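**Student:** My questions concern the predicted model and sequence given below.
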Amino acid sequence: MDVSPKSDSNAFESKHRQKTCTIPKQRQPEKGIRQNYELNKFERRNDSLFAFYKKQRIVPDTEWDHFCEILATELPSSFRIQRSLPEKDCLANFLEQHFFKQIASIAATSESDGVGIHPPKSVPFVPYAYQTKMPRSMLRRHPILKEFHEFLVNETELGNMSRQETCSMVPPLLLDVQPHHRVLDACAAPGSKTMQIIELMHEHCPNPEGFVLANDSDYKRCYLLVRQTLKRMPTANVAVVSHDASQLPALLDANDRPMLFDRILCDLICSGDGTLRKNPELWRSWDPLKSVNLHKLQLQIARRCLELLANDGLMVYSTCSLNPLEDEAVIAQLLRKSNGTAELVDISDRLKELKRMPGISEWKVFDKEMNEVRAVDDVRAESRRLFKPSMFPPTLEEASQMHLERCFRILPHLHDSGGFFVALLRKKGPKSENDFQRQIDGTNAQMTIGPFSFRKSTAKRARFSNKEDPFIFLEENGQRDDRFVSELDTHFGISPSEFPHSNLLVRSHNTERKKEIYFVNDAIRDFLRFNAKRFRIVNAGVGVLKRIVSDKVAQCPYRLKQDGLRTLLPFITKKILDIPMDVLIKILKGQPNKDNSSQYLPLTELGDQKTLFEDISVGSLLLRFQNDFIGVKILCAWKGQNSISAFVSREQKIHLLCLFGENISKLMESKDNTSRREKGRQMIKNGEEDKGTTKNNAENGEEEMRNE
């Protein structure tokens, strides 16, 4: 079945996406060079900003000086360990013993030389999260911290850790995501919170039945989302789409009935003044009208999200702005228009160690010259169109019913962090999904849930036609590729009667020679089949199998992929080999090449232990290792005629060898962004072909390198 995404949906106009970090053209770095502008050249002061927030009274008078003092300093570094990682406790212990104690010891001696070295400390309100007073710029540059920084980069690239601002970790925690939930991340890129949601869904369930729909209006940023989230944490229950979030189409099932979301994260574009510590250029670009210009768009997106929320569902509204026009004003208008079908949830008993300030019911509106605006009619005619009645505070009667104090702000000085606004809303509309269904049957007109309009499709034709590769399911109308099914059963013990073959797909119309095969769970399968023409789908599914080029050396034409192992593992009953720790270490290190990169290990290097592999045929297999320290770890590998190789990334090898206490200096020295295949092509082009390496690659299922 061809469920190719069509390009008939609206690409959100780039002019609406306000960037909080705009570097002047003359300061743009050269291509391939890390941006490292001098933060100290920015004057961390803006009198209008200070006057604005002083009058809003979001900061107690007794804390004002501390608030201003903290804003003028660089943002501390923070990171967290992935909560669904099986060896998370082992990794936390390694960080403590190998790095934190060493950094604390250096900080306590004269070696620190007054540079301000501080060991990371646990964040009390986020499990497995850490924060250090040292900014990222210091972690990158200081020689004493080089090894620690390289380890952080490696673990982040692998997906085991996420380098995320502390207060940014809070919104997903309030959603109470469960494995069966349908979850929408409305403005997902670059993906740190999306990754958190995926972690929470997988924490106690390796293959959840629910799904996450990650949306972003910027098509290019969707690829950033895929790169930083799905490539680091591959999963079968996530789809990435690109739409204007204020006009996001509704999900429909096989019978054209609506499917609403159980949880929605509405983390919106904003003026970003809560990020002043890491984006110091905002000090000189801030003005009151930024929030005025964004208010309408934020309200439209939040309202659409509330329309898509199921009854008794939860929605987190959050911004990295401290401005009430982007925060309480939007929430107040949502509640005002909901006519009682939405309410703010009291979360004062959640995350008890999180210091916060309650939301406010009174605030002031200012024009660009910092003149107070008490009503729309007070504004000059030429500027009146910018100001909306929804920007102004609620009446006393409205405020008593809205309970805006249930929202909260994380102010920078409370946890030495950035600034954030968070509100949790619950949908409690009287109308059920059945009521909704009766309204949409036989009509393309507007439909309603409670007081909100619900459009069956608001997509407009895209202004450009970037068409993604199609999603082609291998089983078409119940027909099955019997040869392919038999190969999986014969070589990996994947039973045709137990494994859901209907969830396998390829990203090409040519299904005869399947280069790479992807898997999606039931929920994403249904989404692709019944909604693909209505959504602009960028990515979905996880790669589970890849065709090997030379079928002369292996009986099965496919090898297993580490990315999809979590999905396939419950169904694999063959070619799983238990090995001791010393053998695994030798395989991970491999036999170094001239550039010290870890490669295939000749079986002769294992001595008598090579007998472990005597009964294993050439091809893909799984290596299983277990001990009390790291638990159970299963890796994809390839057995050649005379060698064995771990088919995992260099980052994965470094991760495991570090936890085993092994020396990884040679692997670190081999860091090179050039792929082995590209290196081979360059060698051939230069007449330096290494025939031994080429032969070994072919034996191990690698594509033969040709001069193309």
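**Tutor:** Good, I have the coordinates.
**Student:** Identify the residues contacting the nearest residue to Lys639 once chain neighbours are set aside.
**Tutor:** Of all residues not flanking Lys639 in the chain, Ile616 sits nearest, at 5.2 Å (CB to CB, 6 or more residues apart in numbering). (Each C-beta comes from the backbone N, C-alpha and C, glycine too.) Going by CB atoms under 8 Å, 6 or more residues apart in numbering, Ile616 touches 575, 577, 639.
**Student:** what do you get for Leu504?
**Tutor:** Per CB under 8 Å, 6+ apart, neighbours of Leu504: 473-475, 517-519, 544.
**Student:** Sitting in strands, which of the contacts of Ile616 do you find?
**Tutor:** Of the contacts of Ile616, the ones assigned to strands by DSSP state E are 577, 639.
**Student:** picking up where we left off before, so what's the residue nearest to Lys639 scoring on pLDDT?
**Tutor:** Predicted confidence (pLDDT) at Ile616: the value is 91.
**Student:** And Lys54, how close does it get to Ile360?
**Tutor:** 14 Å (CB to CB, to the nearest Å).
**Student:** between those two, which one's more packed in?
**Tutor:** Counting neighbours by other CB atoms under 10 Å for Lys54 and for Ile360 shows that Ile360 has the greater number, 18 against 14.
**Student:** Quick one: mean pLDDT over stretch 153-169.
**Tutor:** 96.
**Student:** Residues in contact with it: which ones?
**Tutor:** Contacts for stretch 153-169 (CB under 8 Å, 6+ apart): 75-82, 85, 91, 123, 126, 129, 131, 136, 152, 192-193, 195-196, 231-233, 274-275, 278, 320, 410, 415, 417-420, 649, 651-652, 654-655.
**Student:** Any quick ChimeraX command for the buried ones out of the residues you listed?
**Tutor:** In ChimeraX, selecting the buried portion of these, with burial taken from 16 or more other CB atoms under 10 Å, looks like this:
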select :75,76,77,78,79,80,81,82,85,91,123,126,129,131,136,152,192,193,195,196,232,233,274,275,278,320,410,415,417,418,419,420,651,652,654,655
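**Student:** and Gln82, what is it in contact with?
**Tutor:** Contacts for Gln82 (CB under 8 Å, 6+ apart) come out as 88, 128, 159-162, 195, 199, 233.
**Student:** Got a ChimeraX select line for the buried ones in the residues you listed?
**Tutor:** Selection of buried members from the contacts of Gln82 for ChimeraX, criterion 16+ other CB under 10 Å:
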select :88,128,159,160,161,162,195,199,233
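**Student:** Rebuild the contacts of Gln82 as JSON lines, extending it with distance to Asp312.
**Tutor:** Formatted as JSON lines, these follow (distance: CB to CB, whole Å):
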{"residue": "Lys88", "distance to Asp312": "31"}
{"residue": "Tyr128", "distance to Asp312": "30"}
{"residue": "Gly159", "distance to Asp312": "32"}
{"residue": "Asn160", "distance to Asp312": "35"}
{"residue": "Met161", "distance to Asp312": "34"}
{"residue": "Ser162", "distance to Asp312": "30"}
{"residue": "Met195", "distance to Asp312": "26"}
{"residue": "Glu199", "distance to Asp312": "24"}
{"residue": "Met233", "distance to Asp312": "29"}
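**Student:** so which of the contacts of Gln82 would you say is closest to Arg284?
**Tutor:** If you rank these by distance to Arg284 using CB to CB, Ser162 comes first, at 30.5 Å.
**Student:** Residues in a beta bridge with the closest one, which ones?
**Tutor:** For Ser162, the beta-bridge partners are Arg80 (DSSP bridges).
**Student:** Could you do Val240 as well?
**Tutor:** Beta-bridge pairing for Val240 (DSSP bridges): Ala214, Asn539.
**Student:** change the start of the numbering to 11 and stick with it
**Tutor:** Sure, I'll start counting at 11 from here, so that last one is Val250.
**Student:** Which helix runs longest in the protein?
**Tutor:** Secondary structure assigned by DSSP state H gives helix 299-317 as the longest helix of the chain.
**Student:** Mind giving me the packing neighbours of that one?
**Tutor:** For helix 299-317, the packing partners by 3 or more CB pairs under 8 Å, 6 or more residues apart in numbering; DSSP states H and E come out as strand 271-277, strand 319-329, helix 338-348, strand 462-464.
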